[in-house]
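**Q** only the shape, not the letters, is given here:
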């Protein structure tokens, strides 16, 4: 059986005299059924061909949840696994010429590459006693959106570990939420950047996808 | 023999034209989405960049310069020589991260016949902060016969080449160079270090 010339594809050659009248929507589906069947197949092929691009898009999306400080400067974050609440406040950020060496407990001069600066970041922490907030590092982000890591082995001269193992307070540093000024809750970190960098914010990466972002004033 | 006259059905013609318009519209939408998702050059694209020794290649994740490729029979690292029935090859690379603190995910030597020698780069290069270059050295234990014409491949990731830039550096290794390396007893391997001179803050 073949359709007469000019008839739509798939249309019957002739309709029986007793057939019910076809509606226009029926005609649409009948006329375009080949295309409609091929459409999902073509879509699947297109997605398959672009799978590398999809991977690229996914990996470039930042799923982090950024937390910003309140008017008093405190930034709150809830540890997702335990539900414990922590607060952090940026006390000072400045370029320095010596560091606190965690391996010796002393202040020591440090050697860094020429045309670079050593930034000291001091932060107050406020968290539940015995709580542990996992940190994946401290970063400095400048006004040009460059991100600098606080821990890069081999960059300094090997005189000692100038970065705390965990830049967040551990259980030993847990303090009463009302007592936010205990020295044990003050964490000092260091970041090496090129000279001339203007810090925009300090980022503390905790349990993914959370990021505590503390805006640098001024 | 009569040739049947070709008659244009206006409805079919209109359908074809509208299908074409719809197709062009869909392509335009796709192009608009592609253009609007531009991230200012930070995105890495799947392609290979080629360079020679000493030539800087700027990728989406780092500025990369292969400074030298050297070889010898015994690799001397931390005063402990490592012998091999083949040859040790050390590639010295200047690495300067772009935008983010990055480090090379995979560094390989590709022989002309397709043989790949992979260096576990995680321990070989700590990476750097943006704007602070480091000198990294990568060692490979290779078959000397695979070296003439081999290239050094550097990639940001070690799991999927389709979404990263890959740098191919041709160190122009010749048979004569390989023979020289065969005659060399010890090949020193220094750890990674900052590229710029160091200064002590006082």
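**A** Arrived safely. Values in this document were obtained by computation on a predicted structure and should not be read as measured data. Numbering: from 1, shown residues only, chains lettered A, B, ... in the order given.

**Q** okay, residue A:141 and residue A:66: tell me how far apart.
**A** As judged by CB to CB, to the nearest Å, residue A:141 and residue A:66 stand 11 Å apart. Where you see a C-beta, it was placed from the backbone N, CA and C, and this is true even at glycine.

**Q** could you do residue B:172 as well?
**A** 48 Å.

**Q** residue B:66 now?
**A** Where residue A:66 is concerned, residue B:66 sits at a distance of 38 Å (CB to CB).

**Q** ok, those two, which is more surrounded?
**A** More crowded of residue B:66 and residue A:66, by other CB atoms under 10 Å in any protein chain shown: residue B:66, with 25 against 13.

**Q** centre of the chain to the one helix or strand residue B:35 maps to, how far?
**A** Following DSSP states H and E, one finds residue B:35 within helix B:10-36. Centroid displacement of helix B:10-36 relative to its chain, using CA atoms, centre = their mean, to the nearest Å, is 38 Å.

**Q** now the helices: where do they sit in the chain?
**A** Picking chain A for this. A:24-31, A:33-49, A:51-60 (DSSP state H).

**Q** should've been chain B
**A** Under DSSP H, chain B gives helices at B:10-36, B:175-183.

**Q** as a markdown table, the helices of chain A with distance to residue B:94 and mean neighbour count would be great.
**A** Shown next, in a markdown table, are the helices of chain A (distance: least, CB to CB, whole Å; neighbours: other CB atoms under 10 Å in any protein chain shown):
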| stretch | distance to residue B:94 | mean neighbour count |
| --- | --- | --- |
| helix A:24-31 | 64 | 11 |
| helix A:33-49 | 37 | 10 |
| helix A:51-60 | 26 | 13 |
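
**Q** of those helices, which is nearest chain B?
**A** helix A:51-60 (3.4 Å; CB to the nearest CB).

**Q** still on that earlier bit, kindly reformat the helices of chain A as a markdown table containing mean pLDDT and distance to residue B:82.
**A** Shown next, in a markdown table, are those (pLDDT from 0 to 100; distance: least, CB to CB, whole Å):
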| stretch | mean pLDDT | distance to residue B:82 |
| --- | --- | --- |
| helix A:24-31 | 83 | 72 |
| helix A:33-49 | 87 | 45 |
| helix A:51-60 | 58 | 36 |
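
**Q** show me where pLDDT drops low in chain B?
**A** For chain B, the stretches with pLDDT under 70 are B:1-3, B:6, B:37-46, B:78-79, B:120-124, B:157-164.

**Q** lowest-scoring secondary structure element of chain A by mean pLDDT?
**A** helix A:51-60 (a mean of 58; mean pLDDT, DSSP states H and E).

**Q** mind checking which of the helices of chain B is nearest residue A:72?
**A** Among the helices of chain B, the nearest to residue A:72 by CB to CB is helix B:10-36 (39.1 Å).

**Q** just want the angle from that closest one to helix A:33-49.
**A** 20 degrees (axes from the mean of the first three to the mean of the last three CA atoms, to 10 degrees).

**Q** find the nearest non-adjacent residue to residue A:85, please.
**A** Nearest non-adjacent residue to residue A:85, counting by CB to CB, 6 or more residues apart in numbering or on different chains: residue A:78, 5.2 Å away.

**Q** what confidence value was assigned to that neighbour?
**A** pLDDT, residue A:78: 79.

**Q** thinking again about what came up before, what sits in contact with each of residue A:141 and residue A:66?
**A** residue A:213 (CB atoms under 8 Å, 6 or more residues apart in numbering or on different chains).

**Q** show me the strands in chain B, by range?
**A** B:47-52, B:57-58, B:62-77, B:80-97, B:106-110, B:116-119, B:134-142, B:151-155, B:165-170, B:186-188, B:193-194, B:198-200 (DSSP state E).

**Q** strand partners of the third one, parallel vs antiparallel please.
**A** Read that as strand B:62-77. Its sheet considered, strand B:62-77 pairs with strand B:57-58 (antiparallel), strand B:80-97 (antiparallel), strand B:186-188 (parallel) by DSSP bridges.

**Q** out of the ones you listed, indicate the one that is most buried.
**A** strand B:80-97 (a mean of 19; mean count of other CB atoms under 10 Å in any protein chain shown).

**Q** so how far is it off the chain centroid?
**A** With CA atoms, centre = their mean, you get 17 Å for strand B:80-97.
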